[in-house]
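> next come a sequence and a model predicted from it.
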Amino acid sequence: MSQKSFAKISIRIIAIYIATYGIMYIPSIATLFEFDKIDDVKTIVMVVFSIITPLILSMLLWLSSDKLAIWVIGNQNNVKPINADVTQLQTIALCTVGFIIIVTALPNFAGEIIRIYYSVPIIEGERILNTYHLSYLVTSSLKIILGILLVSGVRFWVHLLHKIKRLGLYEKKL
């Protein structure tokens, strides 16, 4: 594997990581519809910055990973091959991303449970859930689940990546 291929894979993994953060904020949009008076400008800004911007950035990183890899490694005349298996690198990268997602989501998850418990108003002996905190609890839960799926099912994801990579490379026999 060349340094360019390694840099390209690394950039694409970063793109996947950024895309997951954009996707994970989708449940928080539900809280906007809880309030009667929604400021359209604030709604648009929140949607753009929390969901669409990470997705656009990740697509741009993915599509320009070849050019960025060349920029990262610099002079291509001194490029040396890396003695590493692509499968091993992808396994390490997906596990690392999974652990980062879990580690960053666990404090948010615990914090939202505490916020829900203490900020829920009690009316006639019943607790009323605030959808704002509930949506962030769901978001944190989804992040934890995604991280666990990345770490525990890393062989599946690497196999899936290899299948996607080989799509369309073989001719179909009639």
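That came in fine, so what should we check first? Note that the structure is a prediction, hence the values are computed from the model and not measured. Numbering: from 1, shown residues only.
> separation between residue 25 and residue 160?
24 Å (CB to CB, to the nearest Å). From N, CA and C alone the C-beta is placed, and that goes for glycine too.
> so these two - more neighbours on which side?
Legend: neighbour count by other CB atoms under 10 Å for residue 25 and residue 160, higher for residue 25 (17 against 11).
> just checking, that one touches residue 139?
Yes: using CB atoms under 8 Å, residue 25 is in contact with residue 139, at 6.5 Å.
> quick one, what contacts residue 152?
Residues in contact with residue 152 (CB atoms under 8 Å, 6 or more residues apart in numbering): none are found.
> how about 10 Å then?
95, 98 (CB atoms under 10 Å, 6 or more residues apart in numbering).
> what does the pLDDT read for it?
Note on residue 152: pLDDT of 86.
> what's the following helix or strand after the lowest-mean-pLDDT helix or strand in the chain?
One helix or strand of the chain scores below all others by mean pLDDT, DSSP states H and E: strand 126-127, with a mean of 61. Using DSSP states H and E, the helix or strand that follows strand 126-127 in sequence is helix 131-152.
> in that following helix, which residues are buried?
131-144, 146-147, 150-151 (16 or more other CB atoms under 10 Å).
> how about the secondary structure of the residue sitting nearest the centre point of the chain?
With distances taken as CA atoms, centre = their mean, residue 20 lies nearest the centre of the chain, 1.7 Å away. Three-state call for residue 20 (DSSP: H, G, I helix; E, B strand; the rest coil): helix.
> now it: how far from residue 105?
From residue 20 to residue 105 the distance is 11 Å (CB to CB).
> ok, and the closest non-adjacent residue to residue 108?
residue 140 (4.4 Å; CB to CB, 6 or more residues apart in numbering).
> show me what contacts that neighbour?
Residue 140 neighbours (CB under 10 Å, 6+ apart): 24, 27, 104-113.
> surely residue 70 and residue 4 touch.
Yes: counting by CB atoms under 10 Å, residue 4 is a contact partner of residue 70 at 6.5 Å.
> where does the prediction get shaky in this protein?
Low-confidence segments of the chain, defined by pLDDT under 70: 1, 27-44, 46, 75-82, 84, 120-130, 168-174.
> give the contact list for residue 24.
Listed by CB under 10 Å, 6+ apart, the contact set of residue 24 reads 50-51, 54, 101, 105, 138-143, 146.
> now do 8 Å
By CB under 8 Å, 6+ apart, residue 24 lies in contact with 139, 142-143, 146.
> which pair in those residues spans the largest distance?
Farthest pair in the contacts of residue 24 (CB to CB) is 139 and 146. Separation: 10.6 Å.
> need the contact list for residue 22.
50-55, 58 are the contacts of residue 22 under CB under 8 Å, 6+ apart.
> quick one, strands of this structure?
122-123, 126-127 (DSSP state E).
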